[in-house]
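>>> build me a model:
(2 chains)
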Protein chains: 2
Amino acid sequence: MSHPDPVPHPVPPYYAVVFSSRRTDADAEAYQEAAERMVALAADQPGFLGVESVRGADGSGITVSYWRDPESIAAWRSHAEHVLVQRQGRERWYQRYAVRVARVERAYDGP
Amino acid sequence: MSHPDPVPHPVPPYYAVVFSSRRTDADAEAYQEAAERMVALAADQPGFLGVESVRGADGSGITVSYWRDPESIAAWRSHAEHVLVQRQGRERWYQRYAVRVARVERAYDGP
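Prediction:
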C-alpha cells in the first residue's frame, strides 16, 4: 500500500500518529489485505483527516495518520476490529514498530 | 535511502518533522547523493535525535526527523547547505511535498 500524494493540510493544531515499522516475511497477502482494510476503516472514523503511507523494498515502512484531536486517536486505537489487527501485527507481521502521537503545530507544502 | 530500524525513543516531549513527498523522475543519482548527505549533516546538528526514512517504488516517500526542540528545527531549516538542497528539491526533485512540525506527546514501541 502506498498513497501517492501528500494529504492536504487542515489548519493546525491537529494530531499525527507516526507508525514506523519493519515487517517480517510472514503473510504478505493477509497483511496487505488487513492494511488496506485498516486504511478504509480509519477513514470512516470521527476525526480522521487523512493518511500517508509508504513501504520500501527492504520491509521498512512509515504510516502517518492525521486526526482532529487526541480523543479521535484514542477511539481508533480501541476500535474492536483495529484491536484484533494490532494483535496480529504484534504476533506475526512486525519485527519492530514504534508509535508516536504528536500535535502538529505548523504545516506547509510545495513546491 | 531507507533506514531499516525505527529510531529509539527519547522521553517526550520532543519534536518531529514529517516530510512527505512525491519525487519527479529527474536526477536519480544526484538526488540520492544529496539525500544521504543531508541525513549525515542533520545528524551532526545540535538537538538532532534521529531519522526514519522510506521511499516506495512509486516515488512516494516519508522522512521523519526527530529533534529536541523547535529551535533545533529552525536552525537546521536555515543551515546554509540545507537551504541550497531545499531549493534543488523545489526546483527539480519533488512534484509535491508537505512538511509538518509536530510536538511528540506520547511514544511507545513493540512488539
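
>>> next SSE downstream of the helix ranked longest in chain A?
When chain A is parsed with DSSP state H, its longest helix is helix A:28-43. As assigned by DSSP states H and E, the chain's next helix or strand after helix A:28-43 is strand A:48-55.

>>> and the angle for that following strand with helix A:28-43?
Orientation check (axes from the mean of the first three to the mean of the last three Cα atoms, to 10 degrees): strand A:48-55 against helix A:28-43 gives 160 degrees.

>>> which of the three states applies to A:Ala98?
strand (DSSP: H, G, I helix; E, B strand; the rest coil).

>>> could you see whether chain B lies near the longest helix of chain A?
No: remark: helix A:28-43 sits outside contact range of chain B, by Cβ under 8 Å from any Cβ of the partner chain, the gap being at least 13.2 Å. Any C-beta I mention is one placed from the backbone N, CA and C, and that applies to glycine too.

>>> mind telling me what element A:Glu71 is part of?
A:Glu71 belongs to helix A:70-77, assigned by DSSP H and E.

>>> what packs against that helix?
The contact analysis (3 or more Cβ pairs under 8 Å, 6 or more residues apart in numbering or on different chains; DSSP states H and E) places helix A:70-77 against strand A:14-23.

>>> give the buried residues for stretch A:28-42.
Neighbour counts over stretch A:28-42 (16 or more other Cβ atoms under 10 Å in any protein chain shown) mark A:Tyr31, A:Ala34, A:Ala35, A:Met38, A:Val39, A:Ala42 as buried.

>>> from chain B, how far out is the fifth one?
A:Val39 sits 14 Å away from chain B, taking Cβ to the nearest Cβ, to the nearest Å as the criterion.

>>> what are the buried residues along the helix holding A:Glu71?
A:Ser72, A:Ile73, A:Trp76.

>>> how about the last one, nearest residue that isn't a chain neighbour?
For A:Trp76, the nearest residue in space outside its immediate sequence neighbours is A:Gln45; the separation is 5.1 Å by Cβ to Cβ, 6 or more residues apart in numbering or on different chains.

>>> could you check how far the one you found is from A:Val104?
A:Gln45 is 18 Å from A:Val104, where distance means Cβ to Cβ, to the nearest Å.

>>> and what of A:Ala40?
Distance, A:Ala40 to A:Val104, using Cβ to Cβ: 23 Å.

>>> returning to what we had before: just give me the neighbour total for the residue nearest to A:Trp76.
Using other Cβ atoms under 10 Å in any protein chain shown, A:Gln45 has 15 neighbouring residues.

>>> surely it is in contact with A:Arg77?
No: in this structure, A:Gln45 is not within contact of A:Arg77 by Cβ atoms under 8 Å, at 10.3 Å.

>>> where are the low-confidence patches of chain A?
Scanning chain A for pLDDT under 70 picks out the ranges A:1-8.
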